[in-house]
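Trainee: Have a look at this prediction, sequence included:
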Amino acid sequence: MPEQDDVDAVSEFGNWGRWGTGDERGAANLLTPTVVLEAFKAVREGTTLSLALPIQGATSGPGASRVPHLAGRPLPQHFMSMDGGDYAAGTGRIKGEMSVADDALIVSPHGTTTHIDALAHMWRNDVLFNGHSANRVRSYGATRCGIDKLGPLITRGVMLDVARHLGVPHLAASTRIDDQLLADTAESAGVEVRAGDVVLVRTGWAAVFAQDPEKYNDEQPGLCHSGGKWLVERDVVAIGSDNIAVGALDPGGVFHGSVDEDIHMLTLWEHGVSLIEMLWLEELSHTERVEFLFVAAPLPIVGGTASPINPVVVL
C-alpha cells in the first residue's frame, strides 16, 4: 500500500478513488473473470493476427528507416552478441559440434515500437493518477503506477475503422476524430462499445511512413478531447491507434489542444485508461472484423513508464 502522504482520499478526477485510494492499475480493474470469459464469444474462426510493428535495425543502420518511428527518439539497438554479427563475444562454438547465436536488444519504447503507456508516463502538478505522488517517478523507475502494475489485457477488442468508414486509405493529417465521428463509425459497423473493451481506432496513418517519413512525423490525425471522452465514458480498459500518440498531433508534431484537452491527461491521468500506440492495423482492417478477442501483456519492467508489446487478436 502507498504511504499515507501518497494518495488523496477523495478526488474530483475521473476514476480516482474508484478502486480504492491505493489503486495503481486504473481501468484494468474492469477485467473481471466475467468480462474475460465473455470476450471469448467474439472468437469465430480461431485465426490470429499480430498488430505489432517489427523491431528492426539500429540508429546507425539503414534498417530502422523502413519502420515507422518518432523522429528524435532513440531507435532500437539490436546486436548479435554471439557467433558473428555486429559484435562477437566468443566464437559461439560448443565442443566443436554446435554453434550458438545470441543477441542483445536495447529499446526505448516511446515512439520507436508498438507499446503500451504506463499510468506513470504523464502527470500534472506533481501528482500521478489516483493522487499518487510524482516524486515516486525518478531515475530508478516509477515506484507508483509503473507498467509492472498493469498486468495482461485479455478482453473483447473493438475496431473503429474511421478511415474505412470515410472511404479513404488514410485520414487527412488535419482530421480530428471527435465523439460524433466515433459514434457514426460504431453505428455503421454495427458495434456497441461496452465496459471492459479495448478499442482500436484506425487512421491508416502507419502506412504513410513508407511513402513520406517527413509527413508521417509532422501533423497527424487522431482523437481529439471529445472523442477520447466518448470512449472513457464507456469504461474502456485501453485505447489503441496506428498513429504515434493516439491523440491528434498539430503541425510540427505537437499535441493537439490545451493541457486540459490532452488525450494523455484525459486517459492516463484522469481515468487510468491505458494507451496503446503505433499499432499496425492494416491486415485487421482487410478482414472487416469489428470485434474479436484481444490479448496483450506488457513486459514486467519494474518501474517502467511503458513496455513494448505484441498485441494479438483472435478472430
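Mentor: Happy to help now that I have it.
Trainee: show me what contacts Leu284?
Mentor: Leu49, Leu51, Met159, Leu200, Arg202, Val313 (CB atoms under 8 Å, 6 or more residues apart in numbering). For the C-beta atoms, the positions are set from N, CA and C on the backbone; glycine is no exception.
Trainee: part of a helix, is it?
Mentor: Yes. According to DSSP: H, G, I helix; E, B strand; the rest coil, Leu284 belongs to a helix.
Trainee: Quick check: it vs Gly196, distance?
Mentor: In this view, Leu284 and Gly196 are 20 Å apart by CB to CB, to the nearest Å.
Trainee: likewise Leu150?
Mentor: The gap separating Leu150 from Gly196 is 15 Å, by CB to CB.
Trainee: With Gly257 instead?
Mentor: 27 Å.
Trainee: Then His78?
Mentor: Relative to Gly196, and taking CB to CB, His78 is found at 36 Å.
Trainee: Tell me which of the two has more neighbours.
Mentor: Using other CB atoms under 10 Å, the more surrounded residue of His78 and Gly196 is Gly196, with 22 against 19.
Trainee: List the contacts of that one.
Mentor: Listed by CB under 8 Å, 6+ apart, the contact partners of Gly196 are Leu30, Leu31, Thr32, Val35, Glu38, Ala39, Thr155, Arg156, Asp235, Val236, Val237.
Trainee: same question, Arg25
Mentor: Counting by CB under 8 Å, 6+ apart, Arg25 touches Trp19, Leu119, Lys149, Leu150, Gly151, Gly272.
Trainee: Please repeat the previous calculation with a cut-off of 7 Å.
Mentor: For Arg25, the contact set (CB atoms under 7 Å, 6 or more residues apart in numbering) comprises Lys149, Leu150, Gly151.
Trainee: what does Asn243 give?
Mentor: By CB under 7 Å, 6+ apart, the neighbours of Asn243 are Thr203, Trp205, Gln220, Pro221, Gly222.
Trainee: biggest strand in the protein by residues?
Mentor: Assignment by DSSP state E gives strand 153-161 as the longest strand of the chain.
Trainee: Pick out the one among the contacts of Gly196 with the largest number of neighbours.
Mentor: Thr155 (27 neighbours).
Trainee: Thought Ala39 was touching it, still the case?
Mentor: Yes. Taking contacts as CB atoms under 7 Å, Thr155 lies within contact range of Ala39: 4.8 Å.
Trainee: For Ala134, which non-adjacent residue is spatially closest?
Mentor: With sequence-adjacent residues excluded and distances taken as CB to CB, 6 or more residues apart in numbering, Ala134 is closest to Asp126, at 4.5 Å.
Trainee: again with Tyr140
Mentor: That would be Gly303: by CB to CB, 6+ apart, it lies 6.8 Å from Tyr140.
Trainee: how close does the one you found sit to Asp117?
Mentor: Distance, Gly303 to Asp117, by CB to CB: 14 Å.
Trainee: Could you check which of those two has the larger neighbour count?
Mentor: Asp117 (27 against 20).
Trainee: Quick check, pLDDT for the residue nearest to that one when sequence neighbours are not counted.
Mentor: Nearest non-adjacent residue to Asp117, counting by CB to CB, 6+ apart: Leu275, 4.6 Å away. For Leu275, the model assigns a pLDDT of 98.
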